[in-house]
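In: quick check, what structure comes out for this input:
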Amino acid sequence: LHHRISYDMKHVLFHLVDHGRFFELMPNHARNILTCFARMAGQTVGIVANNPLHKAGCLDIASSTKAARFVRFCDAFSIPLLTLVDVPGFLPGVDQEHRGVIRHGSKLLFAYAEATVPKVTVILRKAYGGAYDVMSSKHLRGDANYAWPNAEIAVMGAKGAAEIIFRGQNIEENSARYAERFANPLVAAQRGFIDDIIDPRDTRRIICEDFRVLKHKRSPPASGLEHWKKHSNIPL
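Out: Numbering: from 1, shown residues only. Sure thing, here's the model as predicted:
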């Protein structure tokens, strides 16, 4: 995947899920994120995926709330979660800031952090800044986190980082050096933020194997009580 070319995440889903079929919820609302149900090796899973075809896949207020409610729904009914990440950050703009984009984005972060169902995450291309953390990162107790070889896990893009670090000097040269050093998943893998760097052709097989292993995952309650129940689905 070229880092400057948009694509439709639905095409990726077509090759990952059983028979290329999935059921999307609210397809015309917050189109920069996909929420859908599908089967993988016969098992029902809930899928959250950034869609670079719309708003470059950025998270905004509408997409954060849409995804948060879906994650809560899946957790309430014990449906495993697959997250496909290609997010360049939160959508910038005065309107989003005034309406509280970070507050709404924290709903999605909280939903993932609280979810106890099996959580598998694959970073396809970009995973920048706070939006990377929000999208079911290892920091939110993801069970299995992977990245494709061309994935970029960083605070921001190479050019933006170079402009800040090198104060506008030799931008092209410094951007290239920064990209060579950080625009890959190796640093994240070394620090344990991802479990493996996988070949895109093996993605479906690995995801199916993980969900099979995690099928009987059990998370004890924090209170230590023997019996506990799932939460309700708050109307976000």
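
In: quick one: residues contacting R212.
Out: The contact partners of R212, taken as C-beta atoms under 8 Å, 6 or more residues apart in numbering, are 41, 43. No exception for glycine: its C-beta is placed from N, CA and C like everyone else's.

In: scratch that, M40
Out: 16-18, 82, 204, 207-208, 211.

In: burial count for the nearest residue to D18 once chain neighbours are set aside?
Out: Closest residue in space to D18, ignoring its immediate chain neighbours: R39 at 4.3 Å, by C-beta to C-beta, 6 or more residues apart in numbering. R39: 14 surrounding residues under other C-beta atoms under 10 Å.

In: sheet partners, orientation included, of the host helix or strand of R39?
Out: Assigned by DSSP states H and E, R39 belongs to strand 33-40. With DSSP bridges as the test, strand 33-40 is paired with strand 22-24 (antiparallel), strand 43-50 (antiparallel).

In: any idea of the angle the helix ranked longest in the chain forms with strand 33-40?
Out: Longest helix in the chain by number of residues (criterion: DSSP state H): helix 61-76. Taking axes from the mean of the first three to the mean of the last three C-alpha atoms, to 10 degrees, one finds that helix 61-76 is oriented at 30 degrees with respect to strand 33-40.

In: skipping its backbone neighbours, what lies nearest A56 in space?
Out: P88 (5.6 Å).

In: contacting residues for A67?
Out: 33, 35, 48, 108, 111.

In: in TSV: these, plus pLDDT and distance to D195.
Out: As requested, the contacts of A67 are exported to TSV (pLDDT from 0 to 100; distance: C-beta to C-beta, whole Å):
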residue	pLDDT	distance to D195
I33	96	24
T35	97	24
V48	98	19
L108	94	22
A111	93	22
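
In: what's the most distant pair in the residues you listed?
Out: I33 and A111 (13.0 Å; C-beta to C-beta).

In: what residue ranges in this structure score low on pLDDT?
Out: Confidence mapping of the chain against pLDDT under 70 gives the ranges 1, 158-160, 168, 219-229, 232-233, 235-236.

In: ok, P118 - contacts?
Out: P118 neighbours (C-beta under 8 Å, 6+ apart): 80-81, 143, 210-211, 214-215, 217.

In: now the helices for this protein?
Out: 9-16, 61-76, 94-98, 101-114, 129-134, 158-165, 171-182, 186-190, 203-213.
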